[in-house]
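I'll drop the sequence and a predicted model, then ask my questions.
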Amino acid sequence: RKAMLFLGFLVVFLGLALPGTQGRRIPRCEMVKILRQNGFEGFQGKTVADWMCLVKHESDYNTKAYNDNGSSRDYGIFQINSKYWCNDGRTAGSVNSCRISCSKFQDDNIADDIQCAKKIAREARGLTPW
C-alpha cells in the first residue's frame, strides 16, 4: 500500500517538475484573430485562410512543434527552419536571418514567430519556403 502511494506521489511530482513537451494549441478562431491583428490578410498576396492552412499543416497550431529534418530542424507554430532563419546551436552553416535563437519559437509568445514568418514571406514573396 505504501509503495503504491509513493508511486502515485512520484508520478504527480514528475508531472509537475518536468517541463511539458506539449506546447499550447492555439484555438482556430483565436489564431484567425491573431493573424488578422498582425496584418496577415493580403500580406504578400496571401489570405488569412492561406496562413491558417500553413499553420494547421506545419504545426497543428502547437506553439512547441518541432521537426528534425536531419541536417536542420523546424521550430514553433510556423515551423521556422534552423538552416536559414534561426540559430539552434546545432545546425552547421546556419544563416540565422531572423537573428534569433530557435528556442524562442517554442514558447507561447508567438510575437517573434510572427515577425520572422513575415520576414520569410517577404523575402520569398509568398509561402514557397514552407
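Yep, it's here. Numbering: from 1, shown residues only.

all helices for the protein, in order.
Secondary structure of the chain by DSSP state H: the helices cover 2-17, 28-37, 48-59, 111-124.

least reliable of the ones you listed going by mean pLDDT?
The stretch with the lowest average pLDDT out of these is helix 2-17, scoring a mean of 44.

Let me see the contact set for the residue nearest to residue 60 when sequence neighbours are not counted.
Excluding its sequence neighbours, the residue lying closest to residue 60 (CB to CB, 6 or more residues apart in numbering) is residue 25, at 7.1 Å. (Glycine included, C-beta is placed from N, CA and C.) By CB atoms under 8 Å, 6 or more residues apart in numbering, residue 25 lies in contact with 60-63.

residue contacts, the nearest residue to residue 85 once chain neighbours are set aside?
For residue 85, ignoring the flanking residues on the chain, the nearest one in space by CB to CB, 6+ apart is residue 98 at 4.8 Å. Neighbour list for residue 98: 80, 85-86, 112, 115-116, 119-120 [criterion: CB under 8 Å, 6+ apart].

Please report the distance of residue 98 from residue 30.
Residue 98 is 24 Å from residue 30, where distance means CB to CB, to the nearest Å.

Make TSV from the contacts of residue 98 and add neighbour count to it.
Rendered in TSV, the data for those read as follows (neighbours: other CB atoms under 10 Å):
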residue	neighbour count
80	27
85	26
86	28
112	17
115	12
116	23
119	15
120	21
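
Can you report how many residues neighbour residue 110?
Neighbours of residue 110 under the rule other CB atoms under 10 Å: 21.

Now do the same for it: its pLDDT.
The pLDDT attached to residue 110 in the predicted structure is 97.

what's the neighbour count on the residue nearest to it when sequence neighbours are not counted?
Of all residues beyond its chain neighbours, the one nearest residue 110 is residue 77 (5.6 Å), with distances taken as CB to CB, 6+ apart. Residue 77 has 28 neighbouring residues, counting by other CB under 10 Å.
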